[in-house]
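Undergrad: Return a 3D structure for these sequence lines:
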Amino acid sequence: MDCLLGLVTRVVDDETFDVTVVSQGQTNRDTYGRCERIHIPPGSGMVQASAGPGGRWGSGRLLFGTSVSLTVHGRDSSGRLLCDVRLLSV
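TA: Presented below is the predicted three-dimensional model:
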């Protein structure tokens, strides 16, 4: 799976946010843009806070400006990345 590190620069809604990609894994199979839109389906359990499992990111105020580690699973029909998200800083 591909890995990215980035900074959340815009929160669209409780399930979607934009990330400025600051680093890409050297063994990634795909190439990613400087800015990518991330979609987290509700109830997916795809988010983990650095403090431990079960972290919740629901509030845009808390997510904006956060550094994140992304494990990419693919894209949805709108072109958004579907990822496991680990919050590195809050």
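Undergrad: Quick check: end-to-end length of stretch 29-41?
TA: Taking C-alpha to C-alpha, to the nearest Å as the measure, stretch 29-41 stretches 24 Å from start to finish.
Undergrad: Show me the contact partners of it.
TA: 2, 4, 6, 9, 12, 15-21, 24, 46-47, 70, 72, 76, 78-83, 85 (C-beta atoms under 8 Å, 6 or more residues apart in numbering). All C-beta spots, glycine's among them, are computed from the backbone N, C-alpha and C.
Undergrad: what's the distance between Gly65 and Pro42?
TA: 23 Å (C-beta to C-beta, to the nearest Å).
Undergrad: Also Thr9?
TA: From Thr9 over to Pro42 the distance is 22 Å, taken as C-beta to C-beta.
Undergrad: who has more neighbours, these two?
TA: Thr9 (12 against 7; other C-beta atoms under 10 Å).
Undergrad: Make sure the more buried one is indeed in a strand.
TA: Yes. Inclusion of Thr9 in a strand is indicated when DSSP: H, G, I helix; E, B strand; the rest coil is applied.
Undergrad: Now do it, the pLDDT please.
TA: Looking at Thr9, its pLDDT reads 95.
Undergrad: Give the full set of residues in contact with it.
TA: Asp18, Val19, Thr20, Cys35, Phe64.
Undergrad: Swap in 7 Å and give it another go.
TA: By C-beta atoms under 7 Å, 6 or more residues apart in numbering, the residues touching Thr9 are Asp18, Val19, Thr20.
Undergrad: Now do the helices in this protein.
TA: Assigned by DSSP state H, the helices in the chain fall at 60-63.
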